[in-house]
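Enquirer: this one's sequence-less:
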């Protein structure tokens, strides 16, 4: 339920009860705040008899009760309940609204009835709750900004928002406001795309303000933290020097917007470097709170986040995400723990597929190249390399198995917290040679076939079949993970 759904009118009768999703009666109205906290508004019994009314009047009781009607998100039913107006406003004040708004809402001339009170709450308190939530989020993650700097950034954005949005609209959808223009300690990025405005604080002043890079990618990319002022979320800002690689990555991520377990693109930007006047490019993506799966696996933190039952579920979600990619005839080609991130959603951890930098669409010239991370190569691709075949033959049967094999290697590493034997080779040519043996010798297996056909090991064994005709498809992988105990 959101505050925006509330309507109502003042009445004078006995209070109704709110029923929760389990059918149990409770005596409090729950209002979900923007920051996911629950604000509890106590409901009262309205005095109905003369004696009750007299006692209420003598005891200076507050008789300002409002009937609130809202749509319950769980049951999809319209719920009506009576709340004490004064209690409602006091609790919203504790949530972060100003005394001025509280006093204004209490004036009879402002809120004559429940409907006007509801509108007042929606227009004023909802925004106050959101701003407080964003401010709270902005103060997390070891934010290098002082309280004063954060306040200055918020005030600048609120004061200049309309002007900055107009500038973004007339500047190809984005505008950067550097400290030299704003007087702030960090650069602001404002974007306007598909009718949606977003504002970000970029933490990329590593020399002058000790901002820290959180990683780097291929093709000379740099990754920094940023904060989305409009939604109160931390995100990542990746800068590119290579326009071609930037556009390729962005075009791919745009295809998978709103697809679960695939890294989400939030915004893009083209700008001039203030040092060299060189044109640079950036994309902003969601922040996966727990970092790379690779680090978690080998820091022995992985099993605590993904015990056996939850690991199967997380792997199923990841396989479904990859299946969505394959539906668009695209092959990731670089699936490995470094390109799989972990994020926390509520109390659950999820695996997120990222880095489509060398992905390709089946049937294009990019798909003919033999590229990727050698230890995750399919044995047939390793065989091509060992035999100096410099491009993938026109064979539609090999493309999807490339990703399934690499995903099987990832599952192996997650399960055993170790790598298959060919990872022990220092020379990449020896890695290719060992992998190619699984293609040339049909009897050679990564590990013996497990006797338990419902085990996670049995799944991995089927994914690591070098013969594409014997290797499980993603559909089989997903079906197994859905039905296995």
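Expert: Good, I have the coordinates. Computed from a predicted model, the values in this text were never measured in an experiment.
Enquirer: alpha carbons only for contacts and neighbour counts from here, please
Expert: Will do.
Enquirer: wait, a helix at residue 135?
Expert: Yes - assessed with DSSP: H, G, I helix; E, B strand; the rest coil, residue 135 lies in a helix.
Enquirer: ok, it - contacts?
Expert: Residues near residue 135 by CA atoms under 8 Å, 6 or more residues apart in numbering: residue 232.
Enquirer: name the element residue 181 belongs to?
Expert: According to DSSP states H and E, residue 181 maps onto helix 179-182.
Enquirer: could you give the mean pLDDT of that helix?
Expert: In this model, helix 179-182 has an average pLDDT of 92.
Enquirer: what's in contact with it?
Expert: Residues outside helix 179-182 that contact it (CA under 8 Å, 6+ apart): 156, 185-187.
Enquirer: equivalent analysis for stretch 286-305, please.
Expert: Stretch 286-305 has contacts (CA under 8 Å, 6+ apart) with 234-236, 263-266, 337-344, 349, 351-352, 413-414, 417.
Enquirer: among those, the buried ones, what's the PyMOL command?
Expert: In PyMOL, a selection of the buried entries from the contacts of stretch 286-305 looks like this (16 or more other CA atoms under 10 Å):
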select buried, resi 234+235+236+263+264+265+266+337+338+339+340+341+342+343+349+351+352+413+414+417
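Enquirer: rewinding a little: as TSV, the contacts of helix 179-182 with distance to residue 430 would be great.
Expert: Output for the contacts of helix 179-182, formatted as TSV (distance: CA to CA, whole Å):
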residue	distance to residue 430
156	58
185	51
186	49
187	48
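Enquirer: looking at the residues you listed, which is nearest residue 364?
Expert: Each of the contacts of helix 179-182 was scored against residue 364 by CA to CA, and residue 187 proved nearest at 39.3 Å.
Enquirer: please name the nearest non-neighbouring residue to residue 144.
Expert: Residue nearest to residue 144 in three dimensions, not counting chain neighbours: residue 211, with 7.2 Å by CA to CA, 6 or more residues apart in numbering.
Enquirer: okay, the one you found: pLDDT?
Expert: 76.
Enquirer: repeat that for residue 4.
Expert: pLDDT, residue 4: 33.
Enquirer: can you check residue 299 too?
Expert: pLDDT recorded at residue 299 is 80.
Enquirer: could you do residue 121 as well?
Expert: pLDDT recorded at residue 121 is 58.
Enquirer: again, but for residue 35
Expert: Here, the pLDDT recorded for residue 35 equals 33.
Enquirer: buried ones among the contacts of helix 179-182?
Expert: By neighbour count, with 16+ other CA under 10 Å, the contacts of helix 179-182 hold 185-187 as buried.
Enquirer: follow-up on the earlier one: the contacts of stretch 286-305 in helices, which ones?
Expert: Using DSSP state H, the subset of those located in helices is 413-414.
Enquirer: what domains does the record give for this structure?
Expert: Under the assignment automatic domain parsing, the domains of the chain span 3-133, 147-286, 291-483.
Enquirer: hang on, the earlier thing: could the contacts of helix 179-182 go into CSV alongside secondary structure?
Expert: Output for the contacts of helix 179-182, formatted as CSV (three-state DSSP):
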residue, secondary structure
156, helix
185, coil
186, coil
187, strand
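Enquirer: any regions of the chain where pLDDT drops low?
Expert: Counting by pLDDT under 70, the chain contains low-confidence ranges at 1-49, 52-133, 141-142, 206-210, 215-221, 393-396.
Enquirer: apply 50 and report the result again.
Expert: Scanning the chain for pLDDT under 50 picks out the ranges 1-44.
Enquirer: ok so residue 321 is a strand residue?
Expert: No - using three-state DSSP, the assignment for residue 321 is helix, not a strand.
Enquirer: thinking again about what came up before, give me the number of residues near the residue nearest to residue 144?
Expert: For residue 211, the neighbour count with other CA atoms under 10 Å is 17.
Enquirer: repeat that for residue 276.
Expert: Counted with other CA under 10 Å, residue 276 comes out at 7.
Enquirer: what's the answer for residue 269, then?
Expert: By other CA under 10 Å, 18 other residues sit near residue 269.
Enquirer: same check, this time on residue 479
Expert: For residue 479, the neighbour count with other CA under 10 Å is 12.
Enquirer: mind listing what's buried along the helix or strand that contains it?
Expert: Element membership of residue 479 [criterion: DSSP H and E] is helix 474-483. Across helix 474-483, burial judged by 16+ other CA under 10 Å covers 474, 477-478, 480-481.
Enquirer: swap in stretch 320-329?
Expert: 320-326.
Enquirer: and the residues you listed, which is closest to residue 143?
Expert: Once CA to CA is applied, the member of these that ends up nearest residue 143 is residue 321, at 32.3 Å.
Enquirer: I figured the closest one hits residue 260, correct?
Expert: Yes - counting by CA atoms under 8 Å, residue 321 touches residue 260, with 6.6 Å between them.
Enquirer: so residue 165, which of the three states?
Expert: Under three-state DSSP, residue 165 falls in the helix class.
Enquirer: just checking, it touches residue 199?
Expert: No - the pair residue 165 / residue 199 is not scored as a contact, 9.2 Å apart, by CA under 8 Å.
Enquirer: overlap in contacts of the two?
Expert: 190-191.
Enquirer: and these two? which has more neighbours close in?
Expert: For residue 165 versus residue 199, neighbours defined as other CA under 10 Å are more numerous around residue 199 (24 against 21).
Enquirer: so can I have JSON lines of the buried ones among the contacts of helix 179-182 showing distance to residue 256?
Expert: JSON lines is the format used below for the buried ones among the contacts of helix 179-182 (distance: CA to CA, whole Å):
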{"residue": "185", "distance to residue 256": "34"}
{"residue": "186", "distance to residue 256": "31"}
{"residue": "187", "distance to residue 256": "29"}
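Enquirer: if we can go back for a sec, surely the residue nearest to residue 144 meets residue 202?
Expert: No - taking contacts as CA under 8 Å, residue 211 lies outside contact range of residue 202: 9.6 Å.
Enquirer: ok and the host helix or strand of residue 316 relative to helix 474-483, angle-wise?
Expert: Element membership for residue 316, per DSSP H and E: helix 308-327. Angle of helix 308-327 versus helix 474-483, following axes from the mean of the first three to the mean of the last three CA atoms, to 10 degrees, is 150 degrees.
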